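**Q** kindly generate the corresponding structure for this input.
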Amino acid sequence: MAQYSDELDGVFTALADPTRRAVVRRLGRGPASIGDLAGDAPMTLPSFMKHVRVLESNGLIRTAKSGRVRVCELNRERFALVEDWLAEQRRVWTDRTDRLERHVTTPKEKQ
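**A** Coordinates of the predicted model:
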């Protein structure tokens, strides 16, 4: 469970930054070179590469060198971790709100 939590923390930390979210959003449309991705970011290439490394180290993207160009692509399977966590939270909160609704709507004599 702790590893799952650590992995989830890493994914959310990676997604907490607007530059990294923009990269993920862009890669959702398909693979792109580092140069293309960096062209949209208002920072130097070395600073941008730090963002790429964070995304890659947390498994959200993959990079591969093709000749002189490094290409990034989204690792869609990694987002299942977030989807699973959100589904679990949805179940927990749905159950809690259902219990609260029953408590509020049940007449006093039945409680």
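**Q** on contacts alone, who are the packing partners of the longest helix seen in the chain?
**A** Scanning the chain for the longest helix, with DSSP state H as the assignment, gives helix 79-105. Helix 79-105 makes packing contacts with helix 2-15 when contacts are defined by 3 or more Cβ pairs under 8 Å, 6 or more residues apart in numbering; DSSP states H and E. The way it works is simple: take the backbone N, C-alpha and C, and place the C-beta from them, glycine included.
**Q** what is the orientation angle of the helix or strand that comes right after the helix it packs on with helix 79-105?
**A** Downstream of helix 2-15, the first helix or strand assigned by DSSP states H and E is helix 18-27. Following axes from the mean of the first three to the mean of the last three Cα atoms, to 10 degrees, one obtains 110 degrees for the angle between helix 18-27 and helix 79-105.
**Q** give me the distance from the longest helix of the chain to the chain's centre.
**A** Centroid separation between helix 79-105 and its chain, computed with Cα atoms, centre = their mean, to the nearest Å, is 20 Å.
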